[in-house]
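A.B. asks: Fold the following.
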Amino acid sequence: MRVERMTNEKFKIFLTFDDLMDRGLSREELWSDLPRVHRIFSDMMFDAGIELGVELSGVLLVQVYLLQAQGMLVVVTKTEPADIEEDEDYIEMKVTLDESKEMMFSFEEFEHVIRAGIQLYQLNVTGGCVFLYHGSYYMLLEDEDIFHLDQDQVIALMSEFASATAVTSHRLVEYGKQIMDKEACRTIYTHFS
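C.D. replies: Numbers count the residues shown, from 1 in each chain. This is a model prediction of the structure:
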């Protein structure tokens, strides 16, 4: 579990799927066992609050983004309730769940991007986008790029060359440099194989 303060009232938690499994929660249970998910999120908020030195009370707005290959990104915002008396032990969580339709991978070297792109192309993947951001390369694969493959197969292949990352496509579009657009795997295969 990685915790990062965004503002005085907002922080984010990044959990890998291994972190979730360590807490006894599978990916499928996120959508079905809500009371258990609520308890686990309460524990996570408590742990994150201790790590950041933040006292959690009142209403917490919790936005959960399930990232297909990476794990889960949780954004927590503290708000002050207007209609509650001074009860310091009161915590109410308003949780929203959202599932990402994209996979994002981070590469140390461009050579690894090339090797992964060629392997993907040989599995009939022609799409994908490649970005450069803070000295690392990122490949974005959307559902329509890999619809014909098993997601676990794609994750296993990509883990040979890359790491899952919590960087979002929105951040890369805003602050990164797009190197290849839409047909990245086809472009890589055409120019580098």
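A.B. asks: downstream neighbour of the helix or strand of the chain with the lowest mean pLDDT in the secondary structure list?
C.D. replies: When each helix and strand of the chain is scored by mean pLDDT, DSSP states H and E, strand 91-99 comes last, with a mean of 63. Once the chain leaves strand 91-99, the next helix or strand it forms, by DSSP states H and E, is strand 102-107.
A.B. asks: Could you name the specific helix or strand carrying the closest residue to residue 125 other than its chain neighbours?
C.D. replies: Nearest non-adjacent residue to residue 125, counting by C-beta to C-beta, 6 or more residues apart in numbering: residue 185, 5.0 Å away. The way it works is simple: take the backbone N, C-alpha and C, and place the C-beta from them, glycine included. Per DSSP H and E, residue 185 falls inside helix 184-192.
A.B. asks: How about that helix, which residues are buried there?
C.D. replies: Residues of helix 184-192 classed as buried: 184, 185, 186, 187, 188, 189 (neighbour count, 16 or more other C-beta atoms under 10 Å).
A.B. asks: what do you get for stretch 105-112?
C.D. replies: 105, 106, 107, 112.
A.B. asks: Give the bridge partners for residue 137, please.
C.D. replies: residue 107, residue 132 (DSSP bridges).
A.B. asks: list the helices and strands the longest helix along the chain packs on?
C.D. replies: The residue-count maximum for a helix in the chain (DSSP state H) belongs to helix 34-52. Here helix 34-52 touches strand 2-7, strand 10-15, helix 29-32, strand 58-67, strand 71-79, strand 91-99, going by 3 or more C-beta pairs under 8 Å, 6 or more residues apart in numbering; DSSP states H and E.
A.B. asks: Thanks again, I'm all set now.
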